[in-house]
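1. what's the 3D shape of this:
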Amino acid sequence: MKASLLLIGLLSAGIAVAAPQAPKSEGIEGKDYKWNAQGGEKSEALTKKGDAKAGEEGYETCGACHLPSGAGRPDGTFPQLAGQHTTVLIKQMADIRAGLRDNPTMYPFAATLTDAQELANVSAYIEKMCIPPDHGKYDSKPGDNLDANWKPPADTSKRLADGKALYEKECLECHGKNGEGVKEKFYPVIAGQHYKYLLRQMTEIRDGHRRNANPDMVRIIKKYTDDQLISISAYQSSLIMPGAMCKPKAAKKGRGL
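-> As a prediction, this is how the structure comes out:
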């Protein structure tokens, strides 16, 4: 059993484990910060040919939070990863490992990847996953909501319309019509991503709390109000990528008498 899997077992059992402390490098707040600067583990991993089959074992660590399907959690605590570009995955994991992106929850697990090759392997495996079509949207019922009288928001249609207008004005150029992103430019896939995760990340980028953010993104998003970010996130979470989404599960046939 890999040490990483043992760590997951201990955490799941509620046993206290001394997790490694994440380093902290100067991010976007620093005057010398260069987004996606070349060099280090990230650049090395990008030159490697990822082995998706080998990456499946490494992903077992990730699956504890992001689920074996890569679907993450609809409440946005853990993002949907399936189908994400290898470039984006490698950059974000390398940034977390290097202390450029603050994620104390993920750092102990990201730190278990042994080297640049394993980083490339895990990313190759994740990229090949189909994107689950069922995910947290603006009008999704919270999974822990036991209120029998819960109803979807009454303004969903307006939110989607407003968000679409804003998205097509300034987001579409980088993230694409269907939320497909641009692999070569490290622009992430957002199709199939959870509404609450999108909203949290865009808010953190706007407010300067995402230290490895793309300055171009910051310049665009810093003028948006909370209300506008809600609408944009609502629309983004509705996007689908034709050919990349998982096929609907076949309905189970009932047993005859």
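
2. residues contacting residue 56?
-> residue 125 (C-beta atoms under 8 Å, 6 or more residues apart in numbering). For glycine as for every other residue, the C-beta is placed from the backbone atoms N, C-alpha and C.

3. Repeat that for residue 246.
-> Contacts of residue 246 were listed using C-beta under 8 Å, 6+ apart, and they are 69, 82, 130, 131, 132, 133.

4. The last one belongs to a strand?
-> No. Membership of residue 133 in a strand is not supported by DSSP: H, G, I helix; E, B strand; the rest coil, which gives coil.

5. how about it, phi and psi?
-> phi -80, psi -20 (degrees, to the nearest 10).

6. any idea how far it is from residue 80?
-> As defined by C-beta to C-beta, to the nearest Å, residue 133 lies at a distance of 11 Å from residue 80.

7. number of nearby residues for residue 24?
-> Per other C-beta atoms under 10 Å, the neighbour tally for residue 24 reads 11.

8. so it sits right up against residue 99, yeah?
-> Yes. Using C-beta atoms under 8 Å, residue 24 is in contact with residue 99, at 4.5 Å.

9. Could you list the single helix or strand in this structure with the lowest mean pLDDT?
-> helix 3-12 (a mean of 39; mean pLDDT, DSSP states H and E).

10. next structured bit after it?
-> Downstream of helix 3-12, the next assigned helix or strand under DSSP states H and E is helix 40-47.

11. Pull the distance from the helix or strand following that next one to the chain's centre.
-> Sequence-wise, the next helix or strand downstream of helix 40-47 (DSSP H and E) is helix 52-66. Centroid displacement of helix 52-66 relative to its chain, using C-alpha atoms, centre = their mean, to the nearest Å, is 15 Å.

12. who touches both of residue 133 and residue 80?
-> Residues touching both residue 133 and residue 80 (C-beta under 8 Å, 6+ apart) are residue 192.

13. out of these two, which sits in the busier spot?
-> For residue 133 versus residue 80, neighbours defined as other C-beta under 10 Å are more numerous around residue 80 (29 against 14).

14. Look at that one and give its secondary structure.
-> Secondary structure, three-state DSSP: residue 80 is coil.

15. Verify the contact between it and residue 191 for me.
-> No. Under the criterion of C-beta under 8 Å, residue 80 makes no contact with residue 191, lying 9.2 Å away.

16. so where's the protein shaky on pLDDT?
-> 1-20, 144-146, 250-257 (pLDDT under 70).

17. per-domain residue ranges of it.
-> 39-132, 156-236 (automatic domain parsing).
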